[in-house]
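Asks: no FASTA, just this:
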């Protein structure tokens, strides 16, 4: 919120309306959000996302403790 766009609660029509009004009135803000959003996703290829997911799985497995029944 506030870096690449707006977040608001589901079904909050007033918040959506306010966000649209804010963006409609401020071309510089629209451009800034667009630039920031593009920069945030430029490296997100399917391969990169897959590699990140596999790394998360590796972290989870490395943190698991082995339980041996006695």
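Replies: Alright, I've got the coordinates. On a predicted model such as this, the values are computed, not experimentally measured, just so you know. Numbering: from 1, shown residues only.
Asks: which SSE is residue 47 in?
Replies: Element membership of residue 47 [criterion: DSSP states H and E] is helix 46-63.
Asks: run the chain-centre distance for that helix.
Replies: 17 Å (CA atoms, centre = their mean, to the nearest Å).
Asks: give me the mean pLDDT for it.
Replies: Here helix 46-63 scores 94 as its mean pLDDT.
Asks: just the buried positions in it, please.
Replies: Buried positions in helix 46-63, judged by neighbour count with 16 or more other CB atoms under 10 Å: none. C-betas here are computed from N, CA, C, even on glycine.
Asks: next one: stretch 21-34
Replies: For stretch 21-34, using 16+ other CB under 10 Å, the buried residues are residue 33.
Asks: now do the same end-to-end measure for that stretch.
Replies: Stretch 21-34 has an end-to-end distance of 16 Å (criterion: CA to CA, to the nearest Å).
Asks: for residue 20, report the pLDDT, please.
Replies: 96.
Asks: how near is residue 16 to residue 5?
Replies: Here the criterion is CB to CB, to the nearest Å. By it, residue 16 lies 12 Å from residue 5.
Asks: now do the strands in the protein.
Replies: Read by DSSP state E, the chain holds no strands at all.
Asks: quick one: the helices in it, in order.
Replies: For the chain, the helices defined by DSSP state H cover 13-25, 27-41, 46-63.
Asks: mind putting those into CSV with distance to residue 1?
Replies: Formatted as CSV, the helices of the chain follow (distance: least, CB to CB, whole Å):
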stretch, distance to residue 1
helix 13-25, 10
helix 27-41, 11
helix 46-63, 22
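Asks: for these, which one sits closest to residue 69?
Replies: Nearest of the helices of the chain to residue 69, taken as CB to CB: helix 46-63 at 20.0 Å.
Asks: what's that closest one in contact with?
Replies: Helix 46-63 is contacted by no other residue when judged by CB atoms under 8 Å, 6 or more residues apart in numbering.
Asks: many thanks, we can stop here.
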